[in-house]
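Undergrad: Provided below for reference: sequence and predicted model.
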Amino acid sequence: MSGAESADHVSIHVTDCGHQDAGAVFRALESAFPEVEEPTRSEVQAATGAEHPMVWCMVVDTRTGHAPSTATPVPLSGGVSVDLFGAADPVRKVRQELAAAFSVEDRGTVPGEHELEVRLRLT
């Protein structure tokens, strides 16, 4: 399931942005899905140098979520691409929380037998 630890975990991959915008996305998700331990995060760089793309990754456990968020919109310096991987209901919960904090444009969905992949553009 693309790195998710259970059916309640969703893997989030953030691209096409700088470190500050990726951090804003992760803070919104950490607020929506608080965990006892620090959430799993990683950075993957396609190649060395500032001109090459960077991917920031995070896994959230949607069981730790609360009632749907009433978060205030978070400003981003530009558009951010986000890919969500996991079971359908948890992915929908994460998408709902992102929509509470950002303007969300759906860029595509790929259903699988037991999982869902969703591509979003946040602004």
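TA: Yep, that arrived. Numbers count the residues shown, from 1 in each chain.

Undergrad: C-alpha from now on. contacts and neighbour counts both.
TA: Fine.

Undergrad: which residues does His13 bridge with?
TA: Counting by DSSP bridges, His13 forms beta bridges with Cys57, Asp83.

Undergrad: confidence-wise, which helix or strand of this structure is lowest on average?
TA: Counting by mean pLDDT, DSSP states H and E, the chain has its least confident helix or strand at strand 40-45, which shows a mean of 57.

Undergrad: so where's this protein shaky on pLDDT?
TA: Along the chain, segments meeting pLDDT under 70 span 1-5, 36-52, 66-72.

Undergrad: could you list the alpha-carbon positions for stretch 10-26 in PDB?
TA: The C-alpha coordinates for stretch 10-26 follow below in PDB (Å, rounded to 0.1, in the frame of the first residue of the first chain):
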ATOM      1  CA  VAL A  10      -2.300   7.400   4.300                       C
ATOM      2  CA  SER A  11       1.000   8.200   2.500                       C
ATOM      3  CA  ILE A  12       1.300  11.800   1.400                       C
ATOM      4  CA  HIS A  13       3.900  12.900  -1.200                       C
ATOM      5  CA  VAL A  14       4.300  16.700  -1.700                       C
ATOM      6  CA  THR A  15       6.100  18.000  -4.800                       C
ATOM      7  CA  ASP A  16       6.500  21.100  -7.000                       C
ATOM      8  CA  CYS A  17       7.200  23.400  -4.000                       C
ATOM      9  CA  GLY A  18       9.800  24.700  -1.600                       C
ATOM     10  CA  HIS A  19      10.400  23.500   2.000                       C
ATOM     11  CA  GLN A  20       8.200  26.200   3.500                       C
ATOM     12  CA  ASP A  21       5.100  25.200   1.500                       C
ATOM     13  CA  ALA A  22       5.700  21.500   2.200                       C
ATOM     14  CA  GLY A  23       6.000  22.300   5.900                       C
ATOM     15  CA  ALA A  24       2.600  24.200   5.700                       C
ATOM     16  CA  VAL A  25       0.900  21.200   4.200                       C
ATOM     17  CA  PHE A  26       2.500  18.900   6.900                       C
END
